[in-house]
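**Q** next input, structure requested:
(2 chains, ligands or ions: 2)
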Amino acid sequence: MNPEPAGLLYCNCTYAQIIDPAVKAGVLRRLCDSGRSFEAVADLCEMSARRDPALQRLARQPGVKIAACYPRAVKWLFASAGTPLDPAQTEVVNLRELTEPAALERLLAADLQPNLPADKSPASATSAPSSSS
Amino acid sequence: MSLRDQTHLRVVLYEGRDSQPLEGGQRFEILSRLLGQGFAVTRVGESGQTAPADDGPALVLGHFRAGAAEQLSAAAPERMRVAEVSGLSGEQVAAVVETTRTERQAVQPGAWKPWFPVIDYDRCTNCMQCLSFCLFGVYGADSGGKIQVQSHDNCKTNCPACSRVCPEAAIMFPKYKAGPINGAAVRDEDLQREKMKVDISALLGGDIYSMLRMRSERAQSRFSKERDSDKALQERQKCLTKLAQAGDIPAEVLMSLPSPEEILRRAGEARAKAQAALAAQQR
Ligand code: SF4
Ligand code: SF4
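**A** Ligands and ions are numbered 1, 2, ... in the order given. Here you go, the predicted model:
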């Protein structure tokens, strides 16, 4: 059990129209009104490609709920930037598939339900290749 | 300029100790505006954790009690700026952030549309087909011969073609419309999507490169006397349209392909790179 609620990370998917804008706005508004601290990013994809150092501090939180898209995509976006998420400490809330109330229910719930896809082998846990290229 | 190794500005909307909470509507307006302009924002509220501080430049926005802003910026004058935002609209706050970003020479978000392949290494078998296929040098191999995406911004926006050649459905484009390319779980039916690859191959009589070469040769012999480049181009357009329909590849992308000769050269280079990576792995 974490002593504090998990950290919250909201991805706005700014450069694509793949998430219902009403769901995005509803989730962001509710987070704003919640009094909770949270991280909001414009586009996790862009941050991954740029290896934005913010990803490291986001991945390092002891327990995080990420409002973005599919858990498989989120897992490998972080891993390929060299900042893998801890599968035991990460829950991805898929705004592409969930309704606004369902997404908020999971984001603001006290418990964390880890749901990153399982690693095929322990070695692949974070096995994006080394950054040397 | 490389996408990496750039300075990033951290924006913090601070509503913790020594500050007054913003009015709810203003908070939402500021956040929406900054996110819409590509910035990432840490909102510090009454409770809950945020990601730890780091040593990059930061801009802290808030409605501070007297003297608090000065105190805060004095803590790290080199890297931290503090801005009072009470009464400002989202647009005005965005202008403040943009000014600081420019001063700090931090990366300009949104200058490039983030469309690129993401490899699911739980599925990837390192077969190098993607590397051999891509003409734009998006893929490479690390020092251990493992496939990786190296030049994200070389990828052609909205083109998911390489995901179609991956036999393991291991290539995702998170912004793609449909699964499993968008990252949705891979189902057994998707693996028969291998069929899609076959379809493309059938259509092309081998692969895109040999198709283009064939077309080019045919066009050359047909038009060798008059060298009717318009007709040759039309011919190419016709087959590219077919390919676009089969592979969901935007026509603009296909039309921006280099000349058939250049395609052959690049394809050869890509294949050599893939072979070298595979050889490195076996060593
Ligand atoms: S991680 Fe998903 S939700 Fe976020 S920008 Fe990428 S595709 Fe959009
Ligand atoms: S084609 Fe697919 S399985 Fe083969 S190396 Fe590329 S991502 Fe991996």
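
**Q** what are the buried residues along stretch B:259-266?
**A** B:260, B:263-264, B:266 (16 or more other CB atoms under 10 Å in any protein chain shown). Where C-beta positions appear, they are placed from N, C-alpha and C, glycine not excepted.

**Q** nearest to B:S19, of those?
**A** The nearest member of the buried residues of stretch B:259-266 to B:S19, counting by CB to CB, is B:R266 at 55.6 Å.

**Q** was I right to think the closest one contacts B:P258?
**A** Yes. Using CB atoms under 8 Å, B:R266 is in contact with B:P258, at 7.0 Å.

**Q** identify the contacts common to the two.
**A** B:L135 (CB atoms under 8 Å, 6 or more residues apart in numbering or on different chains).

**Q** B:Y14 is in contact with B:A58, isn't it?
**A** No. Taking contacts as CB under 8 Å, B:Y14 lies outside contact range of B:A58: 10.2 Å.

**Q** list residues touching both of the two?
**A** With CB under 8 Å, 6+ apart, B:Y14 and B:A58 have no common neighbours.

**Q** is the helix or strand bottoming out on mean pLDDT in chain A up against ligand 1 anywhere?
**A** When each helix and strand of chain A is scored by mean pLDDT, DSSP states H and E, helix A:53-59 comes last, with a mean of 91. No. Judged by CB under 6 Å from any ligand atom, helix A:53-59 and ligand 1 are separated, with a smallest distance of 11.1 Å.

**Q** and that helix, what does it pack onto?
**A** On a contact count with 3 or more CB pairs under 8 Å, 6 or more residues apart in numbering or on different chains; DSSP states H and E, helix A:53-59 meets strand A:38-41, helix A:44-49.

**Q** what sits up against it?
**A** A:7, A:9, A:39, A:41, A:44, A:47-48, A:64, A:78, A:81, A:83-86, B:8, B:10, B:40, B:51-54, B:56.

**Q** change it to 7 Å
**A** A:9, A:39, A:47-48, A:64, A:78, A:81, A:83-85, B:8, B:10, B:40, B:51-52, B:54, B:56 (CB atoms under 7 Å, 6 or more residues apart in numbering or on different chains).

**Q** so what's the residue of the stretch 151-283 of chain B found nearest ligand 1 up against?
**A** Among the residues of the stretch 151-283 of chain B, B:P174 lies nearest to ligand 1; the distance is 3.5 Å by CB to the nearest ligand atom. B:P174 is in contact with A:45, A:69, A:73, A:77, B:118, B:182-183, counting by CB under 7 Å, 6+ apart.

**Q** try 10 Å
**A** A:11, A:13, A:16, A:18, A:43-45, A:48, A:68-70, A:72-74, A:76-77, A:96, B:114-118, B:181-183 (CB atoms under 10 Å, 6 or more residues apart in numbering or on different chains).

**Q** name only those of these that count as buried.
**A** A:11, A:13, A:16, A:43-45, A:48, A:68-70, A:72-74, A:76-77, A:96, B:114-118, B:181-183.

**Q** what about the strand or helix carrying A:R72, near chain B?
**A** Here A:R72, judged by DSSP states H and E, is contained in helix A:71-80. Yes. Applying CB under 10 Å from any CB of the partner chain, one finds helix A:71-80 touching chain B at A:71-77, A:79-80.

**Q** tell me which other helices or strands that helix touches.
**A** strand A:7-11, helix A:44-49, helix A:53-59, strand A:64-68, strand A:90-94, strand B:118-119, strand B:171-172 (3 or more CB pairs under 10 Å, 6 or more residues apart in numbering or on different chains; DSSP states H and E).

**Q** circling back to that earlier point, which one of the residues of helix A:71-80 next to chain B sits closest to B:R104?
**A** Using CB to CB, the residues of helix A:71-80 next to chain B come closest to B:R104 at A:L77, 25.4 Å.

**Q** contacting residues for the residue lying closest to the closest one once chain neighbours are set aside?
**A** Spatial nearest neighbour of A:L77, chain neighbours left out: A:S48 (4.1 Å); criterion: CB to CB, 6 or more residues apart in numbering or on different chains. Counting by CB under 10 Å, 6+ apart, A:S48 makes contact with A:55, A:73-74, A:76-83, A:128, B:114, B:116, B:118, B:149, B:152, B:174.

**Q** could you rerun that using 7 Å?
**A** Per CB under 7 Å, 6+ apart, neighbours of A:S48: A:55, A:77-78, A:80-81.

**Q** please apply the same query to B:R65.
**A** B:18-19.

**Q** got it, and A:G7?
**A** A:39, A:61, A:63-64, B:49-51.

**Q** flag whichever of the residues you listed scores worst on pLDDT.
**A** Of all those, B:A51 has the smallest pLDDT value, namely 69.

**Q** pLDDT weak spots in chain A?
**A** A:1-3, A:121-128, A:130-133 (pLDDT under 70).

**Q** contact residues of chain B facing ligand 1?
**A** Near ligand 1, when you scan chain B using CB under 6 Å from any ligand atom, you find B:174-175.

**Q** the domain parsing of chain B - what is it?
**A** For chain B, automatic domain parsing gives the domain ranges B:10-103, B:118-282.

**Q** dihedrals phi and psi, the residue of the stretch 1-150 of chain B found nearest ligand 1?
**A** Across the stretch 1-150 of chain B, the shortest distance to ligand 1 (CB to the nearest ligand atom) belongs to B:P114, at 7.0 Å. Here is the backbone geometry of B:P114 (degrees, to the nearest 10): phi -70, psi 90.

**Q** that one against A:D43, yeah?
**A** Yes. Using CB atoms under 7 Å, B:P114 is in contact with A:D43, at 5.7 Å.

**Q** got any residues that touch both of the two?
**A** In contact with both B:P114 and A:D43: A:Y15, using CB under 7 Å, 6+ apart.

**Q** tell me how far the residue in chain A that chain B sits nearest to lies from ligand 1.
**A** Per CB to the nearest CB, A:A73 is where chain A lies closest to chain B, at 2.9 Å. According to CB to the nearest ligand atom, to the nearest Å, A:A73 stands 6 Å off from ligand 1.

**Q** ok, that residue - contacts?
**A** Contacts of A:A73 (CB under 7 Å, 6+ apart): B:118, B:172, B:174, B:182-183.

**Q** ok, so of these, who is nearest B:S143?
**A** Nearest member of the contacts of A:A73 to B:S143, counting by CB to CB, is B:V118, at 20.8 Å.

**Q** any idea how far that closest one lies from A:Q89?
**A** 21 Å (CB to CB, to the nearest Å).

**Q** quick check: closest non-adjacent residue to B:R33.
**A** B:G90 (3.4 Å).
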